[in-house]
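S.K.: Okay, here's the prediction I keep looking at, along with the sequence it came from:
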Amino acid sequence: MNFVFLGPPGAGKGTLAAVVASRFGISHVSTGAIFREAIKNQTELGKKVKAIIDSGGLVSDDLTVALVQERLASLKTGFILDGFPRTTGQAEALKNFAKIDGVVNFELDDDTVIRRLAGRRVCKNCGKNYHAEFTPPKVEGTCDACGGELYIRDDDKPEAIRKRLMVYNDQTAPLIEFYGDEIVPIDASKAPDEVLEEFVSKFNLNN
Ligand code: AMP
């Protein structure tokens, strides 16, 4: 199966996508993670997108679409697109190179988005996510999984959070109308295991 995960930043798309991908043997394609990896490795792509991402803006449709098209072409499994498409231009383009079986919209109000993003901490080494308030690591500032140092993403700083929400409401929320009846809504305010349960039951994936 091929899924698109829509929803505001901080809705838990990435967390659920990682779990679903490993449980059902499909690929998790996160454009945000691809960009962050490129920035970390200081590649040409990373240099091009760093300032845009740090400020909370969107990378251009051309660049993002080409990247996703290339990534999907290399896959031999189903996939979850996490954070793509983010504009109607990207969604139009996607129709031309992939068949999507399920479009999930993770619903979360703005206040909860801000609270979640402001508390997010990410491991510099393995990328695992924590939340200072809800899912803190055992030792403050240190990753439970690999001992790496935790940091706050530049785009999780207050000004960038405000901008990302504005960009989401302006450019990405219209995709809910774009996909219309195809959308399967999920209440993203619940705990991760309840969100997973709702996803599994709505798509009849029990196994
Ligand atoms: P995310 O981890 O999905 O929140 O993405 C982090 C940042 O990467 C976003 O705020 C954008 O700057 C950039 N980004 C990720 N996906 C896209 C996309 N589909 N189109 C444009 N920019 C993107």
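M.R.: Nice, thanks for sending it over. Numbers count the residues shown, from 1 in each chain.

S.K.: Give the helix, strand or coil label for residue 105.
M.R.: Classification of residue 105 by DSSP: H, G, I helix; E, B strand; the rest coil places it in strand.

S.K.: which residues sit in contact with it?
M.R.: 6, 7, 176, 179, 183, 184, 185, 186 (C-beta atoms under 8 Å, 6 or more residues apart in numbering). The way it works is simple: take the backbone N, C-alpha and C, and place the C-beta from them, glycine included.

S.K.: Same check on residue 81?
M.R.: By C-beta under 8 Å, 6+ apart, the neighbours of residue 81 are 2, 3, 4, 5, 29, 31, 68, 94, 100.

S.K.: I'd assumed residue 157 was in contact with residue 117.
M.R.: No: applying C-beta atoms under 8 Å as the test, residue 117 and residue 157 come out as separate, 9.3 Å apart.

S.K.: Just put the contacts of residue 81 in TSV and tack on pLDDT and distance to the ligand.
M.R.: Shown next, in TSV, are those (pLDDT from 0 to 100; distance: C-beta to the nearest ligand atom, whole Å):
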residue	pLDDT	distance to the ligand
2	97	16
3	98	15
4	98	11
5	98	10
29	97	10
31	96	3
68	97	7
94	98	10
100	97	15
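
S.K.: Which ones among those residues map onto helices?
M.R.: Secondary structure assignment by DSSP state H places 31, 68, 94 of the contacts of residue 81 in helices.

S.K.: want to throw those into TSV with distance to residue 18?
M.R.: Below are these laid out as TSV (distance: C-beta to C-beta, whole Å):
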residue	distance to residue 18
31	15
68	18
94	21
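
S.K.: most neighbours, which of the residues you listed?
M.R.: Highest neighbour count within the ones in helices among the contacts of residue 81: residue 68, with 23 neighbours (other C-beta atoms under 10 Å).

S.K.: For that residue, which non-adjacent residue is closest in space?
M.R.: Leaving out its chain neighbours, the residue that sits closest to residue 68 by C-beta to C-beta, 6 or more residues apart in numbering is residue 84, at 5.3 Å.

S.K.: residues in contact with the residue of the chain found nearest the ligand?
M.R.: Using C-beta to the nearest ligand atom, residue 32 is the residue of the chain that sits closest to the ligand, at 2.1 Å. Applying C-beta under 8 Å, 6+ apart to residue 32 gives the contacts 14, 53, 82, 83.

S.K.: Can you list which of these are found in strands?
M.R.: Residues of those located in strands (DSSP state E): residue 82.

S.K.: Quick check: which of the contacts of residue 32 are also close to the ligand?
M.R.: By C-beta under 6 Å from any ligand atom, the members of these lying near the ligand are 53, 83.

S.K.: For the chain, give me the ranges with low pLDDT.
M.R.: 207 (pLDDT under 70).

S.K.: in it, which spans are helices?
M.R.: Under DSSP H, the chain gives helices at 13-24, 31-40, 44-55, 61-73, 88-97, 110-119, 158-167, 174-179, 192-202.
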